[in-house]
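got a predicted structure plus its sequence, pasted below:
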Amino acid sequence: MKKSRLGEFEELVLLTVLVLKEEAYGTEIKRELESRIDQRLSVGSIQSALKRMEQKGFLTSAFGEATAKRGGKRKRIYSATTAAHTVLAEMKEIRTNLWNAIPNLKLGLQFV
C-alpha cells in the first residue's frame, strides 16, 4: 500500500461495489454486504465509507433514472476506479504474503 490506504470496512464496501456492478447503490450495497458478513450494518456507515472512498478517488458516482418503485427518487450508482483496482490488488498481495509467511499454521485454517 503506497499513498492511499483502505480500512477493513472500506475494503469490504469497495469489494461489494465491484460484485454488484451497475446495481451498486447504497441500499443494495448494504443488503449484499450484510448477507456476506452476517451482520447488521447502518445506512450511515455505508454512506460514510462510500463518501470517503469517493474523496480518495477509489469510487465515482452518478445518478440513475428515477423509478416509481423508489417514489420517483433516483439512485446514486457507484463505480470503482482504476485506483481502486490497484489498491485492492496491492492489499490482496500483502495479505497473501502475510498468510504464506505464517510458519506451521496450526489454527485449523486452510488456505484456499
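Thanks, I have the structure now.

Glu11: what's it in contact with?
Contacts here follow Cβ atoms under 8 Å, 6 or more residues apart in numbering; on that basis Glu11 touches Leu88, Met91. (C-beta placed from N, C-alpha, C; glycine too.)

now name the helix or strand holding it.
Using DSSP states H and E, Glu11 sits in helix 8-20.

CA atoms only for the helix or strand following that helix, dumped as CSV, please.
Remark: after helix 8-20, the chain's next helix or strand is helix 26-37, criterion DSSP H and E. What follows is helix 26-37, C-alpha atoms only, in CSV (Å, rounded to 0.1, in the frame of the first residue of the first chain):
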residue,chain,number,x,y,z
GLY,A,26,-26.4,2.4,-1.1
THR,A,27,-29.3,0.1,-0.1
GLU,A,28,-28.2,-2.7,-2.3
ILE,A,29,-24.6,-2.5,-1.1
LYS,A,30,-25.8,-2.6,2.5
ARG,A,31,-28.0,-5.7,1.7
GLU,A,32,-25.3,-7.6,-0.1
LEU,A,33,-22.6,-6.9,2.5
GLU,A,34,-24.9,-7.8,5.4
SER,A,35,-25.7,-11.1,3.8
ARG,A,36,-22.0,-11.9,3.3
ILE,A,37,-20.7,-10.9,6.7
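
still on that earlier bit, what comes up buried for the helix holding Glu11?
Neighbour-count burial for helix 8-20, counted by 16 or more other Cβ atoms under 10 Å, picks out Phe9, Glu10, Glu11, Leu12, Val13, Leu14, Leu15, Thr16, Val17, Leu20.

and what of stretch 50-66?
Buried-residue list, stretch 50-66, by 16+ other Cβ under 10 Å: Leu50, Arg52, Met53, Lys56, Phe58, Leu59, Ser61.

where do the helices sit along this structure?
For the chain, helices defined by DSSP state H occupy the ranges 8-20, 26-37, 43-55, 82-101.

for those, which one sits closest to Lys75?
When those are compared by Cβ to Cβ, helix 26-37 sits nearest Lys75, at 7.7 Å.
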